[in-house]
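3D model of this:
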Amino acid sequence: NGRVVWSYHNQSSDRPEGGAVVYNGTAYAPLGKDLTAINTSNGSKLWSYGAGGPIQTTPAIYNGTAYFGAVVGNEVHNFYAVDISTGELVWWANESLSLGSLQFVYSSPVVQDGIVYYGSYTNWFYARNATNGSIVWSAQLPSEMPSAVAVAGGVVYVATRGNHDRNFNLWNVQPAVFAFNAYNGTELWNRTETLGELYASPVVTGGVVYVATAGYSYSTIDFDQGFVLAMDASNGSLLWTSPDIGRTVATPAVAGRTMYVGTAGDQNPSPTDSNARLRALNLDAQGAFLWSKPVGANSAITTPPIVVLDENGTAAYVAEAGLDGTVGMWLTSNVSAPLWSVTLPREVRAPLAVVSELVLVPCMNGTLYAFGARPDLSVGPADIALSDSTPHVGQAIELEVTVHNVGDKAGSGVLTVYLNTTGTPA
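Residues are numbered from 1 along each chain as shown. Okay, here's the model as predicted:
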């Protein structure tokens, strides 16, 4: 219902731009340059590990280790593996200075079968041994890879952003999707497209690879259209292109045969201008709209929507946040109004996380907020009754206490009753 159950504030001046991931009751949250482990039951800090630069990736947890990249330069380590029990370094990696001084890792890692996959701003893609960090294989890509990969059926699917000329309507490097053998790096296929840059991660389901485009700009012209492209996962052939959904930089979410997308709105007069939408697309009808919900001016969506399933495995809720700091939760069956919506002090650029009835939101004011249900037990004077309102000395009396839960979740607590005795003993 949008209540803050707890919050944790990072004391540094660096702001959270990577999403938290939860494992066994602990949230591992990139807060500025620190990966911080936080107890999800009460928001207390367990440990933190300081990286060489801001962490703008969402960590991956695998076999007791957290993996994440950082924004660094000049041969400083830009990828880390940290023990999740102790917060101690397991291994780290960096790149040769010959690749340039901007060795940024924006690509959130994915771990599968003992291999951790991620990309660098230097246009290199790495598959490392998750245990010791040694390179299993690597690939030089034609342009930057800002998103996470998708791994399915022994294949790694990678999207590269592309590079559109800033002065003329032409692509210096076309955006592309690649498929590699996950274990040895053999390229299986690649497909270029020119409908927009690719910032969002590929999504693979049902033998189809889906990517969403983010438009482009040149001179004083902005191409603010965005599309979902559906490609055959086996060979990259184009199956269909959706209607214009709007410029999309956030990775879509898929539940069943419905895709949920949050769009970033128009680029001018500012990146947070109007035309941002939360949309549901029918994957069985070439991305036709099931519904489309405006989220308001100055609320560009740059974080992936989070879909929450009910006990039957059906998509019941969708959560989203915008650059205006608004966080909301909607019923997927009725998006006319949010179940709840709150506005935080600063914008939200990092992905949300939902776990154990909590929605975790990293805000750019340096705080990780946990929204959710909680018990709120209340006892007032009128709720305490004595078996005898005028007792005498030595008399046994009984107390009847009524406890009200005015919260929105069942719970228990410790009740302490103090009795004040006054007057002359009889």
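
switch to C-alpha atoms for all contacts and neighbour counts from now on
Fine.

how about the helices in the protein?
Counting by DSSP state H, the chain forms no helices at all.

Tell me where the model's unsure across it.
Scanning the chain for pLDDT under 70 picks out the ranges 12-14, 73-75, 97-101, 267-275, 296-298, 374, 407-408, 417, 419-426.

center of it - which residue?
residue 351 (2.2 Å; C-alpha atoms, centre = their mean).

Quick check: closest non-adjacent residue to that one.
residue 19 (4.6 Å; C-alpha to C-alpha, 6 or more residues apart in numbering).

pretty sure that neighbour contacts residue 30?
Yes. In this structure, residue 19 is within contact of residue 30 by C-alpha atoms under 8 Å, at 6.6 Å.

Which one's more surrounded, the two?
residue 30 (33 against 27; other C-alpha atoms under 10 Å).

For the more buried one, give me its contacts.
Shown in contact with residue 30 (C-alpha atoms under 8 Å, 6 or more residues apart in numbering): 16, 17, 18, 19, 20, 36, 55, 56, 57, 58, 59.

Identify the bridge partners of it.
residue 35 (DSSP bridges).

For the nearest residue to residue 326 once chain neighbours are set aside, which residues are in contact?
Nearest residue to residue 326, sequence neighbours excluded (C-alpha to C-alpha, 6+ apart): residue 343, at 4.2 Å. Residue 343 makes contact with 324, 325, 326, 327 under the criterion C-alpha under 8 Å, 6+ apart.

Surely residue 22 touches residue 355?
Yes. Under the contact definition of C-alpha under 8 Å, residue 22 touches residue 355, with a separation of 7.2 Å.

So for those two, which sits in the more crowded spot?
Neighbours per residue (other C-alpha under 10 Å) separate residue 22 from residue 355, with residue 22 holding more: 21 against 15.

ok, the closest residue in space to that one that isn't next to it in sequence - contacts?
Nearest residue to residue 22, sequence neighbours excluded (C-alpha to C-alpha, 6+ apart): residue 28, at 6.2 Å. For residue 28, the contacting residues are 20, 21, 22, 35, 36, 37, 38, 59, by C-alpha under 8 Å, 6+ apart.

what's the most distant pair in those residues?
38 and 59 (13.8 Å; C-alpha to C-alpha).

rewinding a little: let me know whether the residue nearest to the centre of the chain touches residue 16 as I believe.
No. Using C-alpha under 8 Å as the test, residue 351 is too far from residue 16 to be in contact (10.1 Å).

Overlap in contacts, those two.
Shared between the contact lists of residue 351 and residue 16 (criterion: C-alpha under 8 Å, 6+ apart) are residues residue 362.

picking up where we left off before, with the contacts of residue 28 in mind, which one is nearest to residue 44?
Distance to residue 44 across these (C-alpha to C-alpha) is lowest for residue 38, with 5.5 Å.

For that closest one, list the residues it contacts.
For residue 38, the contact set (C-alpha under 8 Å, 6+ apart) comprises 26, 27, 28, 29, 44, 45, 46, 47.

Turn these into JSON lines, columns for distance to residue 398.
Listed next are the contacts of residue 38 as JSON lines, based on distance: C-alpha to C-alpha, whole Å:
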{"residue": "26", "distance to residue 398": "44"}
{"residue": "27", "distance to residue 398": "46"}
{"residue": "28", "distance to residue 398": "49"}
{"residue": "29", "distance to residue 398": "50"}
{"residue": "44", "distance to residue 398": "40"}
{"residue": "45", "distance to residue 398": "43"}
{"residue": "46", "distance to residue 398": "44"}
{"residue": "47", "distance to residue 398": "48"}
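
Can you say which of those are buried?
Using 16 or more other C-alpha atoms under 10 Å as the burial test, these include 26, 27, 28, 29, 47 as buried.

between the residues you listed, which is nearest residue 224?
After measuring the buried ones among the contacts of residue 38 against residue 224 - C-alpha to C-alpha - the closest member comes out as residue 29, at 32.1 Å.

For residue 92, see how far away that closest one is.
For residue 29, the distance to residue 92 (C-alpha to C-alpha, to the nearest Å) stands at 18 Å.

Kindly report the same for residue 278.
Going from residue 278 to residue 92 by C-alpha to C-alpha gives 38 Å.

So those two - more neighbours on which side?
Neighbour count, other C-alpha under 10 Å: between residue 278 and residue 92, residue 278 has more, with 22 against 19.

give the contact list for the closest residue in space to that one that isn't next to it in sequence.
Spatially, and ignoring its direct neighbours in sequence, residue 278 is nearest to residue 262 (4.6 Å; C-alpha to C-alpha, 6+ apart). Going by C-alpha under 8 Å, 6+ apart, residue 262 touches 248, 250, 252, 276-279, 301-305, 320.

what's in contact with stretch 311-331?
For stretch 311-331, contacts defined as C-alpha under 8 Å, 6+ apart pick out 2, 255-256, 262, 272, 298-310, 332-333, 337-349, 352, 363.

Show me what residue 372 is bridged to.
Beta-bridge partners, per DSSP bridges, of residue 372: residue 358.

How about the contacts made by it?
So residue 372 contacts 1, 2, 3, 4, 5, 357, 358, 359 (C-alpha under 8 Å, 6+ apart).

Neighbour count and distance to residue 418 added to the residues you listed, as CSV?
Output for those, formatted as CSV (neighbours: other C-alpha atoms under 10 Å; distance: C-alpha to C-alpha, whole Å):
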residue, neighbour count, distance to residue 418
1, 15, 34
2, 17, 34
3, 17, 31
4, 16, 31
5, 18, 28
357, 13, 35
358, 21, 35
359, 21, 38
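
I'd assumed residue 82 was in contact with residue 65.
Yes. Counting by C-alpha under 8 Å, residue 65 touches residue 82, with 5.5 Å between them.

if we can go back for a sec, just curious, which of the contacts of residue 262 is nearest to residue 292?
Scanning these for proximity to residue 292, where the rule is C-alpha to C-alpha, the winner is residue 279, at 4.4 Å.

Might you report the residue contacts of the closest residue to residue 293 other than its chain neighbours?
Leaving aside its sequence neighbours, residue 293 sits nearest to residue 278 (C-alpha to C-alpha, 6+ apart; 5.1 Å). Residues near residue 278 by C-alpha under 8 Å, 6+ apart: 260, 261, 262, 263, 292, 293, 294, 295.
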